[in-house]
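Student: 3D, please:
(one chain, ligands or ions: 1)
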Amino acid sequence: MNLIVGKEHFSENVVKLEIEAPRIAKARRAGHFVIVRVDENGERIPLTIAGSDLKKGTITLVVQRIGVSSDKLTSLNVGDKVCDVVGPLGQATRIEKQEGTVLCCGGGVGVAPLLPIIQAHKAAGNRVVAVLAARNKDLIILEDEVRKSADEVVIMTDDGSYGKKGVVTVGMEDVIAREKVSEAVIIGPAIMMKFGALTTKKYNIPTIVSLNTVMVDGTGMCGACRVTVGGKTRFVCVDGPEFDAHQVDFDEMLRRMAGFKAEEQEAYKAYIDKK
Ligand code: FES
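Tutor: Just a heads-up that it's a prediction; the model follows:
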């Protein structure tokens, strides 16, 4: 059992949770994720670690309410416990000293897993420009934390309610036009990562994406998180979550995610009706 020691609402459906998990807090690196179960019969929820506090022995997770399990998790409060937190899982981000800028792009709750990557690139001595994108101002999260670490922050909103009006790729193109970008990291909704990857491909900029597929066991056995990367089957839970963006078959991934979404929505509707 892991105790929840902090909770903050970023928006109606996005919550930051600080959970006691001292061993994970110590071992985790940028890019790692955990799998949380709210109760014994609960689904496993994969969540990338947004931060940790070694003194308190806690990790920070950002959870978006999208279905039954995430609804249960975001409904918990300080003092409540989750059944278990397993991790750190996955491969850590490869951080190397770069000649040029590292362009870190986050969409929606994708900014949470992006934050430790930004921090790690800064610690490696890289210049980091962050592009944070969301539908509107209220959905931009962790801006202050990103500002503390990145050299520059560009905000993009679809409706122009904050920063510049436009999608993430508009902000990316602006940065690429004015400075040498050596590497890009893009984390957000699958469709955003697809178009972000197409943008950097035009300029031959090596690009990493962190994939957010459905996961079940998190051990490479069940196949739920299967993706095709460079024509080969890979499992996000053990081979990822980060992959070469230019090799990922996003169309297949989007199709698979859409299939799961219909089932999830049905289950969520039944759960809300019962609530
Ligand atoms: S979650 Fe089952 S194989 Fe990755």
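Student: rest of the way, CA atoms for contacts and neighbours
Tutor: Fine.
Student: ramachandran angles for residue 126?
Tutor: With angles defined as degrees, to the nearest 10, residue 126 sits at phi -90, psi 150.
Student: could you measure from it over to residue 68?
Tutor: 40 Å (CA to CA, to the nearest Å).
Student: so what's residue 108 up against?
Tutor: Shown in contact with residue 108 (CA atoms under 8 Å, 6 or more residues apart in numbering): 132-135, 139-141, 188-189.
Student: looking at those, which are in strands?
Tutor: Using DSSP state E, the subset of these located in strands is 132-134.
Student: quick one: which of these has the most company?
Tutor: With neighbours taken as other CA atoms under 10 Å, the top of the ones in strands among the contacts of residue 108 is residue 133, carrying 33 neighbours.
Student: does it touch residue 165 like I think?
Tutor: No - judged on CA atoms under 8 Å, residue 133 makes no contact with residue 165 at a distance of 9.7 Å.
Student: what sits in contact with each of the two?
Tutor: Common contacts of residue 133 and residue 165 (CA under 8 Å, 6+ apart): 156-158.
Student: with distance to the ligand and pLDDT added, can I get the contacts of residue 108 in JSON lines?
Tutor: Shown next, in JSON lines, are the contacts of residue 108 (distance: CA to the nearest ligand atom, whole Å; pLDDT from 0 to 100):
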{"residue": "132", "distance to the ligand": "28", "pLDDT": "96"}
{"residue": "133", "distance to the ligand": "28", "pLDDT": "95"}
{"residue": "134", "distance to the ligand": "27", "pLDDT": "93"}
{"residue": "135", "distance to the ligand": "29", "pLDDT": "92"}
{"residue": "139", "distance to the ligand": "28", "pLDDT": "90"}
{"residue": "140", "distance to the ligand": "28", "pLDDT": "92"}
{"residue": "141", "distance to the ligand": "27", "pLDDT": "91"}
{"residue": "188", "distance to the ligand": "19", "pLDDT": "93"}
{"residue": "189", "distance to the ligand": "18", "pLDDT": "92"}
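Student: would you list the residues you listed in TSV and tack on distance to residue 101?
Tutor: Output for the contacts of residue 108, formatted as TSV (distance: CA to CA, whole Å):
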residue	distance to residue 101
132	16
133	19
134	23
135	26
139	26
140	23
141	23
188	20
189	23
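Student: of those residues, just say which sits nearest to residue 112.
Tutor: Nearest to residue 112, judged by CA to CA, of those is residue 141 at 7.8 Å.
Student: so who does that closest one touch?
Tutor: Counted by CA under 8 Å, 6+ apart, residue 141 has contacts 10, 108-109, 111-112.
Student: low-confidence bits of the protein, can you list those?
Tutor: Scanning the chain for pLDDT under 70 picks out the ranges 260-275.
Student: break it into its domains for me.
Tutor: 2-89, 101-255 (automatic domain parsing).
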